Every structure is written in structure tokens, then in C-alpha cells.
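# What follows is a predicted protein model with its sequence.
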Amino acid sequence: MQVPNIDFIIKTALQAESEVKYPAKKILLDEGEISTKMFFVKSGALREYFYQDGRELTLEFITEGQAVASFESFLNGTKSQFIIETLEPTIVYELEAESFRELINNQSFQQTFNPLFYQRFGEITQRLMSFIKDSPQKRYEDLLKDRPELLLRFPQHYIASYLGITSVSLSRIRNRR
């Protein structure tokens, strides 16, 4: 979810004062835990992933100006189905679930965040449809077109995992170009 002017929103709508710094490779939410925080990335990067048959599968990369939580867990108090981890030293603003529940009734907050949530859910739907109907080659081309910075920023095995392929398959796709 892309958040415009994150500092302004955090300090006004969210009334957050402090930033939290995390080192690289820090687990912010583990699979099976209940998500009590939403993270707004000021600098750095995170990733959402889970394990299936011993393999890491990356759901999403979250970078500057984006927000992440295990939303089902965050909103409903259920166990998270995935892990949120920092990939780099990262500075985030954290919004507690209790504060979110209070803010959700604030009209200014609604005007800012409702369109962002709708946009994010649209992106999730588009990504799901891509896995159903598109080839790995097409998913790679879309990533190259939509978020090329990820290809330079993160290791190949994370990119391959995000595309739903092996590192070997990703190398073959890259060599065809």
C-alpha cells in the first residue's frame, strides 16, 4: 500500500511521534502470532513470506512509503499465516491495533486510508490473477515494468520466490531477454 507523504500522515492522522529502528533480518511478526501492529516504512525494506514444503515463498516486498500488516490477523485477532521480516536496516512507524480501531472512525483518517486500502486490495487481486493466468515469463516482465528497483535491491532467490519460480528458472528467463 503506497502511502503519500508518510511523515505528515503519521504525525497528524496517526498521531505517532516516534520512529522505531530495526536491523536487517529482524522478524517483526512470526507465522502463528497475532498481529498487533501495522508498520509504515520510512526507510528500508521488509518482506512478507511463508514456508511451504520447506521452501520460502515471498508474498510481497514492502519498501519506503508503504505499509504492511497481516491484515486478517491485525483486524480480527487471528493468527498470522505469514512472517514479516526486515531485509535491510529499517525505520518504521508502528500503529497499534487498538489505536487503529479508534482511528477508523475518524473522518480524516478514513479519507486518507480507505482509498489506499482499496488500492492495495486491488493489487492483491491482480497479483493473484497473475499467478492463475500468467506465465512466469510474463510475471517477470510485469515486475520489470512495474517495480524494476526490486530486481536491483534484493537477492535473486527472493525475487524468484516472489515470482513463484526457482532461482534457476529466473536465470533462464533473464538470459532469454
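The structure has been received and is ready for your questions.

# Angles on the backbone of the residue positioned nearest the centre of the chain, please.
Computing the C-alpha centroid of the chain and ranking residues by Cα atoms, centre = their mean puts I62 first, at 3.8 Å. Note on I62: backbone dihedrals following degrees, to the nearest 10 are phi -120, psi 120.

# was I right about it contacting L46?
Yes. Under the criterion of Cβ atoms under 8 Å, I62 is in contact with L46, at a separation of 4.4 Å. (Glycine included, C-beta is placed from N, CA and C.)

# could you pull out the strands for this structure?
If you assign secondary structure with DSSP state E, the strands in the chain sit at 20-22, 27-29, 37-43, 45-52, 55-63, 67-68, 83-86, 90-96.

# quick one, which of those strands is nearest to G164?
Taking Cβ to Cβ as the criterion, strand 55-63 is the member of those that comes nearest to G164, at 7.3 Å.

# Who are the packing partners of that closest one?
In terms of contact count using 3 or more Cβ pairs under 8 Å, 6 or more residues apart in numbering; DSSP states H and E, strand 55-63 is assigned the packing partners strand 37-43, strand 45-52, helix 148-153, helix 156-163.

# Tell me which of these sits most buried.
Greatest average neighbour count among the helices and strands packed on strand 55-63 goes to strand 37-43 (a mean of 20), per mean count of other Cβ atoms under 10 Å.

# what are the C-alpha coordinates of that strand, in PDB please?
The C-alpha trace of strand 37-43 is given here as PDB (Å, rounded to 0.1, in the frame of the first residue of the first chain):
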ATOM      1  CA  LYS A  37       0.900  -3.700  14.800                       C
ATOM      2  CA  MET A  38       0.800  -2.100  11.300                       C
ATOM      3  CA  PHE A  39       4.200  -1.000  10.000                       C
ATOM      4  CA  PHE A  40       4.700   2.200   7.900                       C
ATOM      5  CA  VAL A  41       8.100   2.100   6.200                       C
ATOM      6  CA  LYS A  42      10.000   5.400   6.400                       C
ATOM      7  CA  SER A  43      13.300   3.800   5.100                       C
END
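
# ok, back up a step: which residues do I62 and L46 both contact?
Any residue near both I62 and L46 by Cβ atoms under 8 Å, 6 or more residues apart in numbering counts here, and that gives F39, V68, I84.
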